[in-house]
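fold the following for me, if possible:
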Amino acid sequence: GRGPGSVLASHYLTFVSAYALVLLGEVTCYNAFGFDRAAAQAYYVLPVRFRPVLVAKNLAAAFFVLAEVSAVAAVCALVGMPISWAKLAEAYAVIAVLGIQMLAVGNLSSTHFPRPVDPSQSWRSGGLGRFQAMLLLIYPLLAAPIALAYLARYAFETSLAFYGVLGVAAAIGGIVYWVALEAAVDAAEERKERILAALGQGQGPVAA
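Numbers count the residues shown, from 1 in each chain. As a prediction, the model looks like this:
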């Protein structure tokens, strides 16, 4: 209660949700086929195109991301943190923009840097090696449109500017996602042997 006007206190829900999204990114976005491991070969032999598989992975990730924001909001309300509909809408909007960009990056990393993940030790063995170092450069780029939206709100002193910038960022993110999806589908076909060899190093429902 000492600093209700601080940046952290004013945007607590958004900050916590964004941090949780970053933690979820490794197991939902950046290595989408890691948990499938050797079973990923089924995507190449069953009568289904690779694109719907990747989109389904993205929809599943989006579901868990939205559930994460809702869970954080519920806990904040439960412990008496000040939660308003405006703050909740802000958190969902920011996470949606950040999430679609992370999915775009994740579709490419999932087909270029696949690694098998053991569900019982996902946090210890699910690293993406050199791609994790690349994230140090990628995250500032992903966060830039969101920072620009907050800067617009501060400069114009209105939420309309904030959501206007976020809307533009979401539209651009949608285009980037579509382009990345096409590139990831192409990469999945071109790199099929390497992807299956990498994922086949781990045990799975289907023998490698």
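
work out the gap between the longest helix belonging to the chain and the centre of the chain.
Longest helix in the chain, counting residues (DSSP state H): helix 159-190. On the basis of CA atoms, centre = their mean, to the nearest Å, helix 159-190 sits 12 Å off its chain's mean C-alpha point.

how about that helix: buried residues?
Judged by neighbour count using 16 or more other CB atoms under 10 Å, the buried positions of helix 159-190 are 161-163, 165-166, 169-170, 173, 177, 180-181, 184-185, 187-188. Every residue, glycine included, has its C-beta placed from N, CA and C.

between the residues you listed, which is closest to residue 52?
The closest of the buried residues of helix 159-190 to residue 52 turns out to be residue 185 (CB to CB; 10.0 Å).

angle of the next helix or strand after the longest helix of the chain against helix 159-190?
Using DSSP states H and E, the helix or strand that follows helix 159-190 towards the C-terminus is helix 192-199. If you take axes from the mean of the first three to the mean of the last three CA atoms, to 10 degrees, helix 192-199 sits at 100 degrees to helix 159-190.

what are the boundaries of the helices in the chain?
Secondary structure of the chain by DSSP H: the helices cover 7-10, 12-28, 42-45, 50-78, 85-112, 122-125, 130-156, 159-190, 192-199.

who wins for proximity to residue 36 among those?
Nearest of the helices of the chain to residue 36, taken as CB to CB: helix 192-199 at 6.8 Å.

what's the closest of the buried residues of helix 159-190 to residue 89?
After measuring the buried residues of helix 159-190 against residue 89 - CB to CB - the closest member comes out as residue 163, at 8.7 Å.

gap between the closest one and residue 87?
Distance from residue 163 to residue 87, counting by CB to CB, to the nearest Å: 13 Å.

for the chain, what helix or strand is lowest in average pLDDT?
In the chain, the helix or strand scored least confidently by mean pLDDT, DSSP states H and E is helix 122-125, which has a mean of 52.

burial measure for the residue lying closest to residue 99 once chain neighbours are set aside, as a count.
Closest residue to residue 99 apart from its sequence neighbours, by CB to CB, 6 or more residues apart in numbering: residue 65 at 5.2 Å. If you count neighbours by other CB atoms under 10 Å, residue 65 ends up with 24.

identify the residues contacting residue 65.
Residues near residue 65 by CB atoms under 8 Å, 6 or more residues apart in numbering: 21, 24, 28, 95, 99.

list buried residues within the residues you listed.
With burial judged by 16+ other CB under 10 Å, the buried subset of the contacts of residue 65 is 21, 24, 28, 95, 99.

columns pLDDT on top of those, output as a markdown table?
Below are the buried ones among the contacts of residue 65 laid out as a markdown table (pLDDT from 0 to 100):
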| residue | pLDDT |
| --- | --- |
| 21 | 91 |
| 24 | 88 |
| 28 | 86 |
| 95 | 96 |
| 99 | 95 |
